[in-house]
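Enquirer: The following block contains a protein sequence and its predicted model.
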Amino acid sequence: MLSKKIEKALNAQILLEAESSHYYLAMASWAESEGYNGTAEFLYTHSDEERIHMIKLVRFINDRGGKAVIPSLKEPASKFKSLTEIFDIILNHEILVTSEINKVVDICLSEKDYTTHNFMQWYVAEQLEEESLAKTYVDKLKLMGGDKGALYMFDRDMSTAAQTKPAAK
Ligand code: OFO
């Protein structure tokens with residue numbers, strides 16, 4: 001059985017994952033409308049993955065006798081200056097998500113809830129991957145410095161990255 005404190009922390013995490021999915025969907029739509037089809041594909045896939053992260057939390061809370069809350073979401077930004085801006089936002093957002101996940105892990109330890117602690121380890125590992133991926137793209141885009149040919153190649157590579165992304169479990 002979940003303590004109220006852990007139930008609240010996990011529900012707050014549901015909101016963050018839902019927001020991630022929503023933000024990446026808005027970015028995917030922008031990228032598609034700007035002709036960055038490879039990046040759009042990558043971001044649509046990423047948005048789907050975040051939704052799965054959210055559902056995992058919903059089901060875990062309900063399975064352990066808590067009550068998952070499906071939150072309402074604010075309309076995300078829909079205009080962006082560049083791909084660099086998008087990946088900067090993603091990196092900063094993922095850093096925030098990591099720090100919130102760490103807080104949940106801390107609460108699990110203080111409440112001696114080792115089952116939820118174990119469940120949260122999946123998110124800890126996932127954040128490591130997501131931050132490192134976002135950082136790689138931020139670095140690549142900074143190196144390109146807005147060069148059109150390089151951006152074309154980047155976008156093409158993103159399509160491959162979307163196809164080879166491991167499916168979210
Ligand atoms: Fe759910 O991993 Fe990003 O936010």
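Expert: Good, I have the coordinates.
Enquirer: And the residue sitting furthest away from the middle of the chain, how close does it get to the ligand?
Expert: Here the chain reaches farthest from its C-alpha mean at Gly149, the gap being 28.4 Å by CA atoms, centre = their mean. Gly149 sits 30 Å away from the ligand, going by CB to the nearest ligand atom, to the nearest Å. From N, CA and C alone the C-beta is placed, and that goes for glycine too.
Enquirer: so which helix or strand takes in that residue?
Expert: Using DSSP states H and E, Gly149 sits in helix 148-164.
Enquirer: pLDDT averaged over that helix - what is it?
Expert: Taken as a whole, helix 148-164 has an average pLDDT of 91.
Enquirer: do the same with stretch 1-12
Expert: For stretch 1-12, mean pLDDT is 96.
Enquirer: and that stretch with the ligand, contact?
Expert: No - shown here: stretch 1-12 not in contact with the ligand (CB under 6 Å from any ligand atom), separated by at least 13.1 Å.
Enquirer: which residues sit against that stretch?
Expert: Contact with stretch 1-12 is made by 57, 60-61, 64-69, 71, 100, 103-104, 107-108, 111, 113, 116, as judged by CB atoms under 8 Å, 6 or more residues apart in numbering.
Enquirer: Out of these, which end up buried?
Expert: Among the contacts of stretch 1-12, those classed as buried by neighbour count (16 or more other CB atoms under 10 Å) are 57, 60-61, 64, 66, 68, 100, 104, 107-108, 111, 113, 116.
Enquirer: Quick one: name the residues of this structure near the ligand.
Expert: Within the chain, the positions adjacent to the ligand are 17, 20, 50, 53, 94, 97, 126, 130 by CB under 6 Å from any ligand atom.
Enquirer: How much space separates the fourth one from Ala40?
Expert: Put plainly, it is His53. Counting by CB to CB, to the nearest Å, the separation of His53 from Ala40 is 20 Å.
Enquirer: again, but for the first one
Expert: Summarising the geometry, the distance separating Glu17 from Ala40, computed by CB to CB, is 21 Å.
Enquirer: ditto for Tyr24
Expert: Using CB to CB, Tyr24 is found at 10 Å from Ala40.
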